[in-house]
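J.: The sequence and its predicted three-dimensional model are supplied below.
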Amino acid sequence: MLIEEYFQEVRNIIAACLVVQLSNVNYESRSIYRGFIRGELKFSDDSVLYLREFVDVKTIIDREMYSYHYENPSKDMIFRYDNTRHHKKLNLPNYPHHKHDGSEDNVISSNTPMLADVLDEIAGLLG
């Protein structure tokens, strides 16, 4: 797969999400296989998802760095998925992948979510 094909898949996922009201996402190619995505998605209740991915798609979709930070209209964090290596001492089974659930301090183990999974979770929260 080429990075531009992956970028188009991400655009399609965002366009298909009915609760997304506004999309401001930048796509930056670093090579034909590697790229950086950064942006924000605003939802029907004015909540916002801030997203970042640094991805290599040469053989598989390898998101070397990702963060999906979701907050309510008052800027309170609802959740954040990321793979920053700052919670090693918690001995999470899927380290470095984790989820901050409701606060920075409530860190739980998680699998690596795809953007579509995150958007499905948000749609479920919005009802």
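T.: Cool, got the structure.
J.: going forward, measure contacts between C-alpha atoms and count neighbours the same way
T.: OK.
J.: helices or strands next to the lowest-mean-pLDDT helix or strand in the chain in the packing?
T.: Least confident helix or strand, the chain: strand 107-109 with a mean of 84, by mean pLDDT, DSSP states H and E. On a contact count with 3 or more CA pairs under 8 Å, 6 or more residues apart in numbering; DSSP states H and E, strand 107-109 meets strand 98-101.
J.: burial count for the closest residue to Ile3 other than its chain neighbours?
T.: Nearest residue to Ile3, sequence neighbours excluded (CA to CA, 6 or more residues apart in numbering): Tyr33, at 4.7 Å. By the criterion of other CA atoms under 10 Å, Tyr33 has 18 neighbours.
J.: I'd assumed Ile60 was in contact with Tyr33.
T.: No: using CA atoms under 8 Å as the test, Tyr33 is too far from Ile60 to be in contact (10.1 Å).
J.: in its sheet, what does the least confident helix or strand of the chain sit against?
T.: Applying DSSP bridges, strand 107-109 is found paired with strand 98-101 (antiparallel).
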